[in-house]
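Novice: quick one, what's the 3D model for this:
(chains A, B and C)
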Amino acid sequence: MQGKEVKPRFKKGFWKPEEDLILKKYVQTHGEGNWTAVSNKSGLLRSAKSCRLRWKNYLRPNIKRGMMSEDEKDLIIRLHKLLGNRWSLIAGRLPGRTDNEVKNYWNTHLNKRVSRDQITHLDSQSEKNQQLSSDSHSLKEKNLEKTTAVRTEEGQGDAGLGSWVEELKISNYDVGIPSLPGEYLTFFNTDDTFMPILDNLVFLEAFGISGDELLQETLFM
DNA sequence: AATGGAGGCAACCGCACAGCG
DNA sequence: ACGCTGTGCGGTTGCCTCCAT
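Specialist: Residues are numbered from 1 along each chain as shown, chains lettered A, B, ... in the order given. Model (predicted):
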């Protein structure tokens, strides 16, 4: 075909050790970012996206490989309950783990485990009810101790708080709307299961709020 | 030994969004 | 305002290995 631009044919499939080495050396020399340049200048016949993904998921320093610890599994399950399939957010709470790894682990291991546990949970529900009623009281007390406050901006009323307040309510949060601008908006979760691992930053991030944007502090700690 | 199914995981794809000219 | 480019994200695909038959 005359005059038609020939797109470079990129290599696909698994990365070879020598390709890893080239990418690693290139990034170490030129720094992270501008993956198009990496793709064009490194000599690798890989797309920018492929280079970026390989670096991010496998070659980047401090990547933790291997088995998930029980703590990590537990954290993934709890965070997934709160955040859903927001793998990058979940991975952000697991040092050294990537979103792709967390996602794969969830799909292959935890998804089944959670479904199984839910069935088991339903079977034994009546048996446990008595035990729960006594335990939940103390847990709820604990949760109330971890109430988070966010100060609203000057001139920002109920309507200006954004849809995330509604989302908080849907996600089992009790939200205390401030009556005056500049007052603190408070919210705490009434679901016992994930509260012990939840920190303020996680759900601020979950609802699209940067910690820098809003003054937030934990009360009653 | 051959084969077929299931599970695990690396990599790709498509879309969305931000930044910039 | 618009288009282009780079990057990030979640869903999906496809290859490889293991194991049962």
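Novice: which residues of chain A score low on pLDDT?
Specialist: A:1-9, A:111-221 (pLDDT under 70).
Novice: give me every residue in chain A lying close to DNA strand C.
Specialist: Contacts of chain A with DNA strand C, taken as C-beta under 7 Å from any atom of the strand, map to A:13-14, A:33-37, A:48-49, A:52, A:56, A:85-89, A:99-100, A:103-104, A:107. To be clear about C-beta, it is placed using only N, CA and C from the backbone, and glycine gets the same treatment.
Novice: domain map for chain A?
Specialist: The record's domain parsing of chain A by automatic domain parsing lists A:17-59, A:70-123, A:137-218.
Novice: how about the second one, does it reach DNA strand B?
Specialist: To tie it back to what came earlier, the one meant is domain A:70-123. Yes - contact of domain A:70-123 with DNA strand B (C-beta under 7 Å from any atom of the strand) involves A:Asn100, A:Glu101, A:Lys103, A:Asn104, A:Tyr105, A:Asn107, A:Thr108, A:His109.
Novice: within the helices and strands, which one has A:Pro95?
Specialist: Taking DSSP states H and E as the definition, one finds A:Pro95 inside no helix or strand.
Novice: hang on, the earlier thing: now the buried members of the residues of domain A:70-123 next to DNA strand B.
Specialist: Among the residues of domain A:70-123 next to DNA strand B, those that count as buried by neighbour count (16 or more other C-beta atoms under 10 Å) are A:Glu101, A:Lys103, A:Tyr105.
Novice: now those residues as JSON lines including secondary structure?
Specialist: JSON lines is the format used below for these (DSSP: H, G, I helix; E, B strand; the rest coil):
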{"residue": "A:Glu101", "secondary structure": "helix"}
{"residue": "A:Lys103", "secondary structure": "helix"}
{"residue": "A:Tyr105", "secondary structure": "helix"}
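Novice: and which of these is nearest A:Thr29?
Specialist: A:Glu101 (26.7 Å; C-beta to C-beta).
Novice: distance of the closest one relative to A:Pro17?
Specialist: 20 Å (C-beta to C-beta, to the nearest Å).
Novice: also A:Asn40?
Specialist: 22 Å.
Novice: please say which of those two ends up with more neighbours.
Specialist: A:Asn40 (12 against 7; other C-beta atoms under 10 Å).
Novice: name the residues of chain A found near DNA strand B, please.
Specialist: Residues of chain A lying near DNA strand B (C-beta under 7 Å from any atom of the strand): A:11-15, A:46-47, A:49-50, A:53-54, A:57-58, A:100-101, A:103-105, A:107-109.
Novice: separate out the buried members of the residues of chain A next to DNA strand C.
Specialist: A:Trp35, A:Arg52, A:Trp87, A:Leu89, A:Asp99, A:Lys103.
Novice: take those and keep only those in strands.
Specialist: Nothing among these maps onto strands, per DSSP state E.
Novice: filter the residues of chain A next to DNA strand B down to the ones in helices?
Specialist: Those of the residues of chain A next to DNA strand B mapping onto helices are A:Lys49, A:Ser50, A:Leu53, A:Arg54, A:Asn100, A:Glu101, A:Lys103, A:Asn104, A:Tyr105, per DSSP state H.
Novice: which one of those residues sits closest to A:Asn62?
Specialist: Relative to A:Asn62, and with distances defined as C-beta to C-beta, the nearest of those is A:Glu101, at 13.2 Å.
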